[in-house]
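Q: here are the coordinates; sequence isn't available:
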């Protein structure tokens, strides 16, 4: 049984590096949008515990996605991209 496979494609058709960049950019844009709307909701007086917890988690995930963009654009080694793809897919 092969427990470690050499993944070269993301979503069966896109090269791994391009797929990781696309997924990370979409996650970064979505998280930035969530942070903005949550801050605006809190500023307008609609703060509840769930909104604040969601804001905290989004703020914690934002630097992870920024680091992912940095790794994908600057890394030569595909092992780092493959590891980040595994990390990003849990969000």
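A: All right, it came through fine. Please read these numbers as outputs of a predicted model, since none were measured by experiment.

Q: which residues of the chain fall in strands?
A: Taking DSSP state E, the strands of the chain run over residues 9-10, 14-15.

Q: deepest of those strands, which one?
A: When neighbours are counted by mean count of other CB atoms under 10 Å, the highest per-stretch mean among the strands of the chain falls to strand 9-10, a mean of 16. (Glycine included, C-beta is placed from N, CA and C.)

Q: who does that one pair up with?
A: On the basis of DSSP bridges, the sheet neighbours of strand 9-10 come out as strand 14-15 (antiparallel).

Q: quick one: low-confidence ranges for this structure?
A: Low-confidence regions of the chain, defined by pLDDT under 70, span residues 1-5, 75-91.

Q: identify whichever of the strands of the chain lies nearest to residue 61.
A: Closest to residue 61 of the strands of the chain is strand 9-10 (CB to CB; 19.6 Å).

Q: just the helices in the protein please.
A: 16-43, 49-74, 78-88 (DSSP state H).

Q: can I get these in a markdown table with mean neighbour count and distance to residue 9?
A: As requested, the helices of the chain are arranged in a markdown table below (neighbours: other CB atoms under 10 Å; distance: least, CB to CB, whole Å):
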| stretch | mean neighbour count | distance to residue 9 |
| --- | --- | --- |
| helix 16-43 | 16 | 6 |
| helix 49-74 | 14 | 16 |
| helix 78-88 | 16 | 11 |
